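Enquirer: next come a sequence and a model predicted from it.
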Amino acid sequence: MKQGIFEIIENKPLTQNVMRMRLVGDTSACTKSGQFVNIKIQGLFLRRPISVCDIDGNELTIIYKVVGSGTEAMRNMKVGEKLDLLTGLGNGYDLSVSGNSPLLIGGGVGVPPLYLLCKQLIAQGKKVTVILGFNTASEVFYKEEFSALGAKTILVTADGSMGEKGFVTHCMDLEYSYFYTCGPEPMLKAVYNKSTSSGQFSFEERMGCGFGACMGCSCKTITGYKRICKDGPVLYKEEILW
């Protein structure tokens, strides 16, 4: 974990309520896809944890959904403003067990951390398939970006307004060596039940400190309680208890 000051170089909407923010600063603590940053927002006591979407040199990209006072304040931030970030938080994804044809499954704002993962897997020569799930066409983002990386990208919307109609699990009847997933818990549970291989799950959980001190985000696993912010957010399929 490292604390640093980052400068905003972009803060633009991708959909009505989803924003992309690009910042520059010391990204050296961000060593794995699936990690997150914790952002200090003036006037608010708790920092806001946001998954890392991409790292490119000293440039950090995050994608966030506006759902409360913290993210609303972030939406209104301007290029040139500076933010206090804790970086390199969480354990991140383990790429060493992916096999040759990994499957990535993202739902809504669970999509962003899969982007850096996808880029890293393709750089290793893996044949990557990505399933992106959203409620409706107006909420879709980053389909083209995943395709541009060279991944086979499958889009599914619950109402059928874009891509396949249904849920991400409806598109999982294909061959894959391993899977990685991030999204809301009902989706993760459905993926768990549908999956035919081992895999890794990135959980979204309300957090206090973000680095394991407060124990506020603990969850029960096969090996005991784990802190989503420090021991996670990535857990292996074999250790999860629903």
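Expert: The structure has been received and is ready for your questions.

Enquirer: how about the residue of the chain positioned farthest from its centre: what's its closest non-neighbour residue?
Expert: For the chain, the residue at maximal distance from the C-alpha centroid (CA atoms, centre = their mean) is G43, at 26.1 Å. By the measure of CB to CB, 6 or more residues apart in numbering, the closest residue to G43 outside its immediate chain neighbours is A73, 7.6 Å from it. The way it works is simple: take the backbone N, C-alpha and C, and place the C-beta from them, glycine included.

Enquirer: how many neighbouring residues does the one you found have?
Expert: Applying the criterion other CB atoms under 10 Å, we find 16 residues in the vicinity of A73.

Enquirer: give me the distance from the host helix or strand of it to the chain's centre.
Expert: Remark: A73 resides in helix 69-75, with elements defined by DSSP states H and E. Averaging C-alpha positions (CA atoms, centre = their mean, to the nearest Å) puts helix 69-75 18 Å from its chain's average.

Enquirer: in this structure, which spans are helices?
Expert: Taking DSSP state H as the criterion, the chain carries its helices at 69-75, 112-123, 143-149, 185-194.

Enquirer: looking at the ones you listed, which is closest to A137?
Expert: Proximity to A137, assessed across the helices of the chain by CB to CB, is greatest for helix 143-149 (10.6 Å).

Enquirer: the closest one - what's its average pLDDT?
Expert: On average, the pLDDT along helix 143-149 is 98.

Enquirer: stretch 98-116 now?
Expert: Per-region confidence: stretch 98-116 scores 97 on mean pLDDT.

Enquirer: buried ones in that stretch, by neighbour count?
Expert: Neighbour-count burial for stretch 98-116 flags 98, 101-116 (criterion: 16 or more other CB atoms under 10 Å).

Enquirer: what residues does the biggest strand by length in the chain touch?
Expert: Here the longest strand in the chain is taken by residue count, with DSSP state E as the criterion, and it is strand 2-13. Contacts with strand 2-13, where a contact means CB atoms under 8 Å, 6 or more residues apart in numbering, come from 19-26, 28-29, 59-60, 74-75, 77-88.

Enquirer: coming back round to it: winner for burial among the helices of the chain?
Expert: Per-residue neighbour counts averaged over each of the helices of the chain give the maximum for helix 112-123, namely a mean of 23 (mean count of other CB atoms under 10 Å).

Enquirer: okay, domains of the chain per the record?
Expert: The record's domain parsing of the chain by automatic domain parsing lists 2-89, 95-239.
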